[in-house]
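Participant: Could you work out the structure for the sequence below:
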Amino acid sequence: MPLAVGQSHAPAIIVDHDRNSAGLGQGVAQTRRVSSSTSAQIRLVLQDVVIDYTADLKKRLDSMYSDHSAKGRLHSGATVQVAVRAMDELASVAAEQMSTKVRNIARGTDAYSAFRAGVDDLLECFRNEMPRAIRMASGRQPSKPSPSIERAAYELFGQMESNIGRKVKIAKFDFISPSAAAAVPETPPAKQKTGRPRGAFWDDMWAAIAFDLYEGNLDPRSQADVEHAMLRWIEDNGHSAAVSTVRARARRLWDRVQLSD
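Facilitator: Numbers count the residues shown, from 1 in each chain. The predicted structure follows:
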């Protein structure tokens with residue numbers, strides 16, 4: 001049974017630099033830095049939410065797999081559809097809970113960035129469940145998932161990520177005053193007349209990683225190996241990128257490596 005792919009949502013959020021005016025037209029950066037102890041507290045709170053909701057997802061998926069198996073629906077696209085729907089529902093509730101918990105501790109740009117990183121970690125944990133859902137739906141050996149189901153499954157997951165990203169973006173107004181947040185454009189800095197735009201190195205990085213894999217110079221045994229190779233290339237070539245951004249890309253490559261093993 002093929003997967004039905006719905007209309008895509010808004011694009012996922014890209015890490016930006018939140019700034020806030022101090023009022024009366026004075027453009028002053030709203031740093032609102034939190035202390036190291038407060039930052040540690042926020043991380044622990046967010047980790048607790050990630051652990052709880054990841055466990056809830058596993059239980060919910062296991063129950064769904066059993067139910068679909070009993071009804072003869074396990075090996076079908078419906079299994080992935082229900083799995084991603086469960087991820088969307090749980091991630092939405094978790095993101096709201098994270099936002100509330102962090103705002104009870106601190107507000108400002110640092111607090112918002114920590115909240116956003118926590119949501120990224122949650123989505124990464126949810127993504128780890130995709131290979132299993134695809135195998136269940138395919139009804140094949142782990143090394144031979146259905147290409148059509150796999151392709152549609154990750155498209156659905158991407159739409160779910162965009163949906164959650166849009167909610168995270170809206171939540172910024174709870175961390176920063178609405179007037180200040182609204183006054184800050186979400187677009188990147190003005191284009192320079194010369195030089196490559198920021199982030200234009202990704203294609204070069206993928207080419208380098210693909211070459212290393214082909215030549216056997218990169219033989220990853222875990223997602224961390226892929227991530228380290230990417231970070232090393234980025235640093236060696238004078239670029240910079242958030243670890244969470246690199247990790248998301250490494251996860252996508254590692255998912256394919258696992259499915260092909």
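Participant: which of the residues in stretch 209-223 are buried?
Facilitator: Under the neighbour-count criterion of 16 or more other Cβ atoms under 10 Å, stretch 209-223 has 209, 213, 218, 220, 223 buried. Quick note: C-beta positions are derived from backbone N, CA and C, even for glycine.
Participant: Run through who's touching that stretch.
Facilitator: Contacts of stretch 209-223 with the rest of the structure, by Cβ atoms under 8 Å, 6 or more residues apart in numbering, involve 225-226, 229-230, 233, 247, 250-251, 253-254, 257.
Participant: Over to it now: how far is its first residue from its last?
Facilitator: 13 Å (Cα to Cα, to the nearest Å).
Participant: one step back: which of the contacts of stretch 209-223 fall within helices?
Facilitator: Per DSSP state H, helices hold the following members of the contacts of stretch 209-223: 225-226, 229-230, 233, 247, 250-251, 253-254, 257.
Participant: Pull out the buried residues from these.
Facilitator: For the ones in helices among the contacts of stretch 209-223, a burial check counting by 16+ other Cβ under 10 Å picks out 226, 229-230, 233, 247, 250-251, 253-254.
Participant: How far off centre is the strand or helix carrying Asp88?
Facilitator: Following DSSP states H and E, one finds Asp88 within helix 77-103. Mean-position distance between helix 77-103 and its chain equals 12 Å (Cα atoms, centre = their mean, to the nearest Å).
Participant: Show the subsequent helix or strand relative to it.
Facilitator: Helix 77-103 is succeeded, C-terminally, by helix 109-127 (DSSP H and E).
Participant: State the phi and psi torsions of Gly72.
Facilitator: phi 70, psi 20 (degrees, to the nearest 10).
Participant: So which residues of the stretch 151-261 of the chain form helices?
Facilitator: Using DSSP state H, counting those that start in this stretch, the helices of the stretch 151-261 of the chain run over residues 178-183, 202-215, 223-236, 243-260.
Participant: still on that earlier bit, which one of the buried residues of stretch 209-223 is nearest Met160?
Facilitator: Using Cβ to Cβ, Gln223 is the member of the buried residues of stretch 209-223 that lies nearest Met160, at 19.9 Å.
Participant: and the residue nearest to the closest one when sequence neighbours are not counted, what is it in contact with?
Facilitator: Spatial nearest neighbour of Gln223, chain neighbours left out: Trp254 (4.0 Å); criterion: Cβ to Cβ, 6 or more residues apart in numbering. By Cβ under 8 Å, 6+ apart, Trp254 lies in contact with 220, 222-223, 226.
Participant: where's Met136 relative to Thr79, distance?
Facilitator: Separation of Met136 from Thr79 (Cβ to Cβ, to the nearest Å) stands at 5 Å.
Participant: And Pro145, by the same measure?
Facilitator: For Pro145 relative to Thr79 (Cβ to Cβ), the value is 12 Å.
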